[in-house]
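Undergrad: with the sequence up front, the predicted model follows.
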Amino acid sequence: MRTLRILAAVMATAVMMQFTACDSTKNNELKRGKASDELIAAADAFYEATRTEPQGRDHINLHSIMVLKHGKVVLERWYNGESADKPHTMWSVSKTFTATAIGFAINEGLIKVDDPVFSFFPEKLPANLDENLARMTIRDLLTMTCGHDVAIDFHNFDAPDWVEGFLAYPVTHTPGTYFVYNSVGTYMLSAIIYKVTGQDMNDYLDTRLWQPLGIEKPEWDKSPQGLSCGGWGLHLKTEDMARMGQCMLQKGKWNGKQVIPKSWVKEMSTYKVESGPAGTRLEDMPRLGITKENNQWAKGYCYQMWICADNGYRADGANGQYFMVFPDKDAVLVLTTDSNVYQPYMDIIWKYLIPAL
């Protein structure tokens, strides 16, 4: 069965390459428009706030802003040595692209969201298959509810084989019931893509996403097994993020073509589970004063994306890497940053930029 799935993926890749070749002559540039006076003033005030509002050791070093309205880039700025042609470390924005790869594989009939995770790695399972591990599905990886009580810290994840290390990690809770932010869980999605397609995920996305959106194939850091890390490690330019955000705003369409399945864009961007800031247990949030109203990480989690205020959703990476999609405003906001504060930075974004969209 796995062999048939890989063969189907190879055939699908050939079709996508043919499509890309036929479509390559079309103009794939993002259109430019004019920012309103209100937006220009808001961007000026926002930048000044990032420089003056952090206190003590806090810092918000802005790298770029890009705003799209009605499908056009109306504002684009770079700061602190960054530039339009310079790829930026995405951190967990990478997760959104991993979820997109999963959507393609589902659309091609290679996997289902309810497939058990253990079934893809029979050769890497612990000696005794725990009941909770047996219940863990692709959906649970997508929603950060794989059942771990504490997230695997990928900074200190020194297992020689990351899949074996993940499968050996205690699954304390019934999968699907307990949110814990888990970057190594996203790596498992990358490993599943390799299992069912025979391709590294970055290669798998090339003809399906990078080329159709006009994104030069990016660098993606790899595991010791040579697979794209999935949960982190992607390097994109600001405009690459904008293209993805605009494609999602257009329900998966780009230049009139359905690039990402419309149904999968909806799945990726709609509320799935209760959430909280990475590293914070949900049961501790009341004691810490964290609520849906005052914290942008407590509004709900989708498939490797977050719900945010003003009926928006976002791809979200450490140190302030975001692309935010606001369907009601027909707008996309992209930010790259070096920041060591999170909710205070969000407060500044919502104070100055969001009202001007």
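TA: Thanks, I have it.
Undergrad: my guess is Met241 meets Val325, correct?
TA: No. The pair Met241 / Val325 is not scored as a contact, 10.9 Å apart, by C-beta atoms under 8 Å. C-betas here are computed from N, CA, C, even on glycine.
Undergrad: where does pLDDT dip in this structure?
TA: 1-27, 156 (pLDDT under 70).
Undergrad: where along it do the helices fall?
TA: Using DSSP state H, the helices of the chain run over residues 2-23, 37-52, 94-107, 131-135, 138-142, 162-168, 183-197, 201-205, 211-213, 238-249, 262-269, 285-288, 343-348.
Undergrad: can I get those in CSV with distance to Lys31?
TA: Formatted as CSV, those follow (distance: least, C-beta to C-beta, whole Å):
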stretch, distance to Lys31
helix 2-23, 17
helix 37-52, 17
helix 94-107, 23
helix 131-135, 47
helix 138-142, 32
helix 162-168, 41
helix 183-197, 32
helix 201-205, 24
helix 211-213, 14
helix 238-249, 10
helix 262-269, 21
helix 285-288, 42
helix 343-348, 28
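Undergrad: out of those, nearest to Ser64?
TA: helix 238-249 (4.4 Å; C-beta to C-beta).
Undergrad: from the contact counts, what lies against the closest one?
TA: Applying 3 or more C-beta pairs under 8 Å, 6 or more residues apart in numbering; DSSP states H and E, we find helix 238-249 packed against strand 60-69, strand 72-78, helix 211-213, strand 253-254, helix 262-269, strand 312-317, strand 321-326, strand 331-339.
Undergrad: if I look at the spatially most central residue of the chain, how far off is Gly233?
TA: For the chain, Thr96 is the residue whose C-alpha lies nearest the centre (C-alpha atoms, centre = their mean; 2.1 Å). Remark: distance between Thr96 and Gly233 (C-beta to C-beta, to the nearest Å) = 13 Å.
Undergrad: now Ala159
TA: With C-beta to C-beta as the criterion, Ala159 and Gly233 are 17 Å apart.
Undergrad: if you count what's nearby, which of the two comes out ahead?
TA: Legend: neighbour count by other C-beta atoms under 10 Å for Ala159 and Gly233, higher for Gly233 (23 against 16).
Undergrad: check contacts around the more buried one.
TA: Applying C-beta atoms under 8 Å, 6 or more residues apart in numbering to Gly233 gives the contacts Met90, Ser94, Trp220, Asp221, Lys222.
Undergrad: tell me how far the closest residue to Tyr181 other than its chain neighbours lies from Glu267.
TA: Distance criterion C-beta to C-beta, 6 or more residues apart in numbering; nearest residue to Tyr181, sequence neighbours excluded, is Ala278 at 3.9 Å. From Ala278 across to Glu267, the span is 22 Å (C-beta to C-beta).
Undergrad: what's the answer for Pro175, then?
TA: Noted for Pro175: a distance of 18 Å to Glu267, by C-beta to C-beta.
Undergrad: what sits against the residue nearest to the centre of the chain?
TA: Met244, Met268, Gln304, Met305, Ala315.
Undergrad: outside of stretch 288-301 itself, which residues are in contact with it?
TA: 143-144, 179, 271-278, 280, 285, 306-309, 342-343, 346.
Undergrad: just how off-centre is it within its chain?
TA: Stretch 288-301 sits 19 Å away from the centroid of its parent chain (C-alpha atoms, centre = their mean, to the nearest Å).
Undergrad: for that stretch, buried residues please.
TA: By neighbour count on 16 or more other C-beta atoms under 10 Å, the buried set for stretch 288-301 is Ile290, Lys292, Asn295, Gln296, Trp297, Ala298, Lys299, Gly300, Tyr301.
Undergrad: same deal with stretch 233-251?
TA: Judged by neighbour count using 16+ other C-beta under 10 Å, the buried positions of stretch 233-251 are 233-234, 236-251.
Undergrad: okay, buried residues for stretch 58-65 please.
TA: Neighbour-count burial for stretch 58-65, with 16+ other C-beta under 10 Å as criterion, is recorded at Ile60, Asn61, Leu62, His63, Ser64, Ile65.
Undergrad: ok, what's across the strand from the first one?
TA: The reference is to Ile60. Residues in a beta bridge with Ile60, per DSSP bridges, are Ser339.
Undergrad: closest to Ile138 out of the contacts of Thr96?
TA: Of all these, Gln304 has the smallest distance to Ile138: 11.5 Å, by C-beta to C-beta.
Undergrad: the closest one: what's it in contact with?
TA: Gln304 sits in contact with Lys95, Thr96, Thr98, Ala99, Leu142, Thr186, Met268, Ala315, where contact means C-beta under 8 Å, 6+ apart.
Undergrad: go with 7 Å
TA: If you count contacts by C-beta atoms under 7 Å, 6 or more residues apart in numbering, Gln304 has them with Lys95, Thr96, Thr98, Ala99, Leu142, Thr186, Met268.
Undergrad: could you do Val180 as well?
TA: Counting by C-beta under 7 Å, 6+ apart, Val180 makes contact with Met144, His148, Val150, Ala151.
Undergrad: again with Lys72
TA: If a contact means C-beta under 7 Å, 6+ apart, then Lys72 has Lys31, Arg32, Gly33 as its contacts.
Undergrad: likewise for Thr337?
TA: Thr337 neighbours (C-beta under 7 Å, 6+ apart): Ile60, Asn61, Leu62, His63, Asn319, Gly320, Gln321.
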